[in-house]
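Q: fold the stuff below for me.
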Amino acid sequence: MSEPLPVAAGIVSFHPDAELLLDLVAVLSRDVDRVYLFNNASLDPALEMVLADYPKLVAIEAGTNLGVGVGLNVIALAASRDGYERLALFDQDSRPWPGMLPLLGAAFDRLEASRRAPAAVAPRLVAPRGRVAEASKPPRYRARRGAAPEGDLVPVDFLPTSGTLFNLVTLRETGLFRADFFIDAIDTEWCFRAWARGRSCWLAPDVPMEHTVGTGTIPLGFGLSMPNQRPFRMGTYLRNNLYALRLRHVPLGWKLKQIAYLPLQGFGFARHHGFRAEAVRPMLRGLADGLRGRLGVPPGLDP
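A: The predicted structure is shown next:
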């Protein structure tokens with residue numbers, strides 16, 4: 001039996017910015033053996049021609065928008081089929097730097113040597129340089145209660161998917177990402193599931209990665225803010241997080257926080273958009289679908 005290959009990378013795209021995507025592919029091509037690009041919409045022919053010059057790139061065309069969850073799963077299955085041991089996943093606008101993935105790989109090695117059962121290791125996402133702090137809101141990381149750090153590595157409840165390095169065996173054993181979530185809360189649910197099955201998720205605070213979340217921020221009061229998203233995204237976010245309240249592997253403390261926080265986010269989003277129907281209607285539909293357990297492709301999806 002042949003030895004597993006070290007690491008591959010995957011990108012899920014949907015009408016990407018050509019410059020950002022090419023920069024991402026160029027950086028990843030230096031650090032990994034193969035780059036999988038799952039396209040949820042057809043690429044511009046000129047961009048396709050440039051991407052064809054990267055021999056490590058494998059493009060997978062969906063033909064229609066199947067969602068982030070499907071894209072992540074197709075990439076994971078392709079990398080598993082091709083014999084890779086680890087897979088780093090990225091959004092189309094992520095900005096890793098050369099040498100980042102080898103550092104995450106070394107962190108993974110340390111955790112495995114210490115028998116910490118790592119499922120995933122991630123960089124610390126930061127706002128892109130040149131943008132004011134209010135223009136992009138980096139995620140907040142929740143340290144895992146009762147789990148000790150491993151040197152400079154911190155166990156956390158959940159990790160954003162972008163930039164995260166996964167063990168593919170663990171990914172298959174834990175179960176793939178929830179395709180029916182389509183987009184939003186996919187990473188949160190999976191990490192809680194990994195912890196419930198005896199695996200762990202880790203942040204490397206000393207390994208930053210620039211990443212944009214949303215299109216600016218919305219103040220909520222009480223010193224809180226949230227990323228501004230398109231209304232359809234906000235509806236899907238509310239739907240998936242509301243549905244997740246019924247899942248047994250999601251901790252009670254997180255559920256209680258969401259019960260308090262989701263109404264505040266919904267009201268803040270509606271107020272920011274002037275309570276216009278085109279902003280409020282997708283949220284109400286998302287809340288109703290979350291209560292009914294109606295998941296999958298959201299209505300009003302961009303082609």
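Q: where does pLDDT dip in the stretch 101-250 of the chain?
A: 130-136 (pLDDT under 70).
Q: can you give me the helices in it?
A: Here the stretch 101-250 of the chain has its helices, by DSSP state H, counting those that start in this stretch, at 168-174, 186-196, 231-244.
Q: comparing those helices, which comes out most buried?
A: Ranked by mean neighbour count, these are led by helix 231-244 with a mean of 24 (mean count of other CB atoms under 10 Å). The C-beta positions use only the backbone N, C-alpha and C, and glycine is treated the same way.
Q: using TSV, lay out the helices of the stretch 101-250 of the chain together with distance to R285.
A: What follows is the helices of the stretch 101-250 of the chain, written out as TSV (distance: least, CB to CB, whole Å):
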stretch	distance to R285
helix 168-174	31
helix 186-196	19
helix 231-244	6
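Q: compare those helices and give me the one nearest L262.
A: helix 231-244 (6.0 Å; CB to CB).
Q: give the other helices and strands that that closest one contacts.
A: helix 186-196, helix 252-272, helix 277-292 (3 or more CB pairs under 8 Å, 6 or more residues apart in numbering; DSSP states H and E).
Q: pick the most deeply packed of those helices.
A: Compared across the helices and strands packed on helix 231-244, helix 186-196 shows the largest average neighbour count, a mean of 22 (mean count of other CB under 10 Å).
Q: let me see the residues that make contact with that helix.
A: With CB atoms under 8 Å, 6 or more residues apart in numbering as the test, helix 186-196 has contacts from 68-69, 72, 119-120, 144, 156-161, 164, 170, 174-175, 177-178, 181, 200-201, 240-241, 244, 247-251, 254.
Q: of those, which belong to strands?
A: Members of the contacts of helix 186-196 lying in strands (criterion: DSSP state E): 119-120, 164, 200-201.
Q: closest one to F38 out of those, please.
A: Using CB to CB, T164 comes nearest to F38 of these, at 16.0 Å.
Q: what sits closest to the closest one if chain neighbours are left out?
A: Excluding the flanking residues, the one nearest T164 by CB to CB, 6 or more residues apart in numbering is A122, at 4.1 Å.
Q: wait, that neighbour sits on P155?
A: No: A122 is not in contact with P155 according to CB atoms under 8 Å; the separation is 11.5 Å.
Q: shared neighbours of the two, anything?
A: Shared contacts of A122 and P155, defined by CB under 8 Å, 6+ apart, are found at 201-203.
Q: turn those into TSV, columns for distance to P98 and neighbour count.
A: Output for these, formatted as TSV (distance: CB to CB, whole Å; neighbours: other CB atoms under 10 Å):
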residue	distance to P98	neighbour count
C201	25	26
W202	22	26
L203	21	26
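Q: ok, so of those residues, who is nearest M283?
A: Checking the shared contacts of A122 and P155 against M283 by CB to CB gives C201 as the nearest, at 29.1 Å.
Q: outside of stretch 75-85, which residues touch it?
A: Outside stretch 75-85, the residues within contact range by CB under 8 Å, 6+ apart are 2, 4-8, 10, 12, 33-34, 36, 38, 58, 60, 87, 89, 166-169, 171-172, 176-177.
Q: so which of the residues you listed sit within strands?
A: Among the contacts of stretch 75-85, DSSP E puts 5-8, 10, 12, 36, 38, 58, 60, 87, 89, 166-167 in strands.
Q: can you select the buried ones from the residues you listed in PyMOL?
A: Buried subset of the ones in strands among the contacts of stretch 75-85, written as a PyMOL selection, criterion 16 or more other CB atoms under 10 Å:
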select buried, resi 7+8+10+12+36+38+58+87+89+166+167
